[in-house]
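1. Can you look at this prediction? I've put the sequence above it.
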Amino acid sequence: MSQKIISIYDTYSLKNVEIPYSDKVSIISGEMVVYKDQDDKDELGIIKGVINTSVSEDGVLKNSKILRPATANDVQRYENYLELSKNAIKTCKDLVVKYELDMQVFEAKYSFDGSRLLFLFTADERIDFRDLVKDLAKSFQRQIYLRQIGPRDKSKILGGFGKCGRELCCNSFLNKLESINMDMVRVQSLESKGSSKLSGVCGKLLCCLKYEVEAYKELRSSLPNIDDVVKIRAGVSSPANQGRVVALDVLNKKIKLYFHQEEEYLTLKADEIEKIITKAKKDNFSENSSEGDGKE
């Protein structure tokens, strides 16, 4: 069942949270507000907008609510803690070196009331940071939290620009990071592009690989697969009436065929293929097959 909720970016946890909608408060996207978080503490957030969603009730912070628009004093307090966080990061990094921990600390955030201090870090493995937490607690006299996140989450927090020259999708409009896998790459025939072109600044597969997957699946459904042997329609000029598919131009619905006996190649439109005869045995052909999508 659909419900209306308010999406807020929490400036302490650096996460998007959903709270119950109320028509008693003014909702302005981009506005800073003070709201009651899941720990019943006042926290500063930025309104992302009002959305209709089918998210389960477990995903909504039921007891949270917007308390007020952020005042000049609220914003000043937030900015003061931003300055203090720079020293906190340096101190934490120095202690990481001291304890020889294989972790990369890149962000520190104070809670709105200043009682909590959160450090974000990346690491290839689980880290035993108990001694680090003790030293940090002594240094800052606050509750210390350390949270390990992945490279995609790091990019979402830090932001930046992608290969396209635009702001990173994860940092600008994607509320949640969805799984991206090699099946999406294969559907779009992008394997030959190489990992460097398919990876974002986070080093993982580009989020935008998901955007056109369904369209490609629909287009691919009417095309043969690589290595299929197909029969060519009567009246179409070709070296033979059967050929093996060696490449696909999915967007333009074109098929490149290899004719074994004649040792020739020919590119035809999908509607010039009558039917698929059989899956070719690779042992019968010496040529390497490939796919293309018509894009550079």
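-> Arrived safely.
2. Model confidence for the most far-flung residue of the chain relative to its centre, exactly?
-> Taking Cα atoms, centre = their mean, the residue of the chain most remote from its mean C-alpha position is residue 235, at 48.1 Å. With respect to pLDDT, residue 235 scores 89.
3. just residue 65 next, same as before
-> With respect to pLDDT, residue 65 scores 93.
4. The one 5 residues further on now?
-> In the prediction, the pLDDT value recorded for residue 70 is 96.
5. Check which helix or strand residue 268 maps to.
-> When elements are assigned from DSSP states H and E, residue 268 belongs to strand 264-269.
6. picking up where we left off before, specify the local secondary structure of the residue farthest from the centre of the chain.
-> Of the three states, residue 235 takes coil under DSSP: H, G, I helix; E, B strand; the rest coil.
7. Which strands and helices lie in contact with the top helix by length along the chain?
-> The longest helix of the chain (DSSP state H) is helix 72-98. Judged by 3 or more Cβ pairs under 8 Å, 6 or more residues apart in numbering; DSSP states H and E, helix 72-98 is in contact with strand 32-36, strand 104-110, strand 116-122, helix 130-140. (Each C-beta comes from the backbone N, C-alpha and C, glycine too.)
8. I'd like to know which of those is closest to residue 195.
-> Among the helices and strands packed on helix 72-98, the nearest to residue 195 by Cβ to Cβ is strand 116-122 (19.5 Å).
9. Tell me where the model's unsure across this structure.
-> 1-2, 54-58, 280-296 (pLDDT under 70).
10. Show me what the longest strand along it is packed up against.
-> Longest strand in the chain, counting residues (DSSP state E): strand 42-53. Helices and strands touching strand 42-53, by 3+ Cβ pairs under 8 Å, 6+ apart, are strand 3-10, strand 15-20, strand 32-36.
11. same thing but at 10 Å, please
-> For strand 42-53, the packing partners by 3 or more Cβ pairs under 10 Å, 6 or more residues apart in numbering; DSSP states H and E come out as strand 3-10, strand 15-20, strand 32-36, strand 65-69, helix 72-98.
12. partner strands of that strand, parallel or antiparallel?
-> Strand 42-53 has the following strand partners under DSSP bridges: strand 3-10 (antiparallel), strand 32-36 (antiparallel).
13. that older thread, helix or strand next in line after the strand holding residue 268, which one?
-> Downstream of strand 264-269, the first helix or strand assigned by DSSP H and E is strand 273-279.
14. Perfect, I'm done here.
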